[in-house]
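Undergrad: predicted model follows, preceded by the sequence.
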Amino acid sequence: MTIPSRVTEASLTTKALSDLQRTAARGQKLQQQISSGKMINRPSDSPTGTVTSLQLRGEVRATQQYSRNADDGLGWLGTIQDKLGDSSTQILRVRDLTVQALNATDSDQASRDALTTEIDNIKQSLIGEANTKYMGRPVFGGTTAGDVAYDDSGNYKGDAGQTTRTVGPNSKVRIETNGPEAFGDGPTQLFQVLSDISRDIQSGDTNTLSDDLTNLDTAHDLLKSTLSDVGARYNRVTQMKQSSEDHLLSVSSQLSDIEDVDLPKAIMDLQIQQTSYQAALAATAKVIQPSLIDFLR
């Protein structure tokens with residue numbers, strides 16, 4: 001025998017209020033999504049979406065750091081390129097002056113003084129180029145903590161340390177060039193060669209001056225080779241930066257697909273939810289009729 005269940009006024013009211021609260025909560029969630037512009041405002045909104053979102057956000061941050069590293073590397077390498085290019089132009093001028101001194105066998109002392117003065121000035125200018133700084137560090141000084149890579153006499157004060165930047169996954173690029181790599185060392189060190197040329201022009205020693213010209217060409221060839229290497233590294237960093245920007249665009253699009261709300265759809269859903277809520281309120285008001293207590297008041 002089945003015992004009929006009795007639905008009390010209190011249980012009916014409680015059930016109706018519970019249903020209305022759930023409907024109102026769904027509307028509130030849609031309002032929160034529209035106001036924030038995000039589908040996921042807390043992990044409980046989508047546990048799997050939250051995990052994917054965190055992974056993509058980590059990838060976005062890593063890619064942005066690669067791009068910042070590439071910008072820093074381009075600043076270093078661009079500065080080195082400019083200074084080596086300027087130095088090459090000045091070396092060509094010294095070569096012209098040296099050839100002029102070799103051909104002017106009957107030049108007087110005043111002419112030789114004029115030539116040596118210009119070469120000495122070019123030497124000081126080149127030392128200034130070699131002491132160029134980027135972000136407070138000499139670009140030709142290796143990893144030195146000092147202010148200059150060369151002293152006033154052209155002696156190297158830096159070290160052979162290397163500075164690198166990570167510009168991609170497992171991709172590091174050297175962003176500096178130390179002084180000996182660019183300006184040589186020993187008897188063919190550029191500043192030593194310039195001093196020798198100045199001295200030999202001053203003394204009129206054309207035999208030694210011919211050897212100086214050969215050393216100057218050797219120093220210039222080294223500088224041009226270094227300039228080519230720096231240019232290749234600059235191009236590589238540029239390519240890695242472009243790759244990072246493309247990857248960042250792709251990852252950001254994926255993250256938007258997971259996190260960002262479809263605004264037109266969310267607004268339509270909210271309007272439908274509000275209509276449903278109003279209909280539920282009206283239906284509940286008709287179902288829950290006044291009780292006997294209302295007539296006894």
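TA: In hand now; what should we look at? Here the structure is a predicted model, which means the values were calculated and not measured. Numbering: from 1, shown residues only.
Undergrad: low-confidence ranges, the stretch 151-297 of the chain, go.
TA: For the stretch 151-297 of the chain, the stretches flagged by pLDDT under 70 are 259-267, 269-270, 273, 276-277, 279-297.
Undergrad: please enumerate the strands of it.
TA: 164-168, 171-174 (DSSP state E, counting those that start in this stretch).
Undergrad: residue ranges of the helices in the chain, please?
TA: Under the criterion DSSP state H, helices of the chain are mapped to 9-36, 47-103, 109-130, 179-183, 190-203, 206-259, 263-287, 292-296.
Undergrad: a markdown table please, covering the strands of the stretch 151-297 of the chain and showing distance to Asp212 and mean neighbour count.
TA: (Glycine included, C-beta is placed from N, CA and C.) Below are those laid out as a markdown table (distance: least, CB to CB, whole Å; neighbours: other CB atoms under 10 Å):
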| stretch | distance to Asp212 | mean neighbour count |
| --- | --- | --- |
| strand 164-168 | 37 | 20 |
| strand 171-174 | 32 | 16 |
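Undergrad: may I see those strands arranged in a markdown table, with distance to Gly49 as well?
TA: What follows is the strands of the stretch 151-297 of the chain, written out as a markdown table (distance: least, CB to CB, whole Å):
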| stretch | distance to Gly49 |
| --- | --- |
| strand 164-168 | 28 |
| strand 171-174 | 31 |
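Undergrad: and those: which comes nearest Ile272?
TA: With CB to CB, the closest approach to Ile272 among the strands of the stretch 151-297 of the chain belongs to strand 164-168: 47.4 Å.
Undergrad: that closest one packs against which elements?
TA: Using 3 or more CB pairs under 8 Å, 6 or more residues apart in numbering; DSSP states H and E, the elements in contact with strand 164-168 are helix 47-103, strand 171-174, helix 206-259.
Undergrad: give me the number of residues near Gln189?
TA: Number of residues near Gln189 (other CB atoms under 10 Å) recorded here: 20.
Undergrad: pLDDT score for the most centrally placed residue in the chain?
TA: Centroid-nearest residue in the chain, with CA atoms, centre = their mean: Arg68, separated by 1.5 Å. Note on Arg68: pLDDT of 94.
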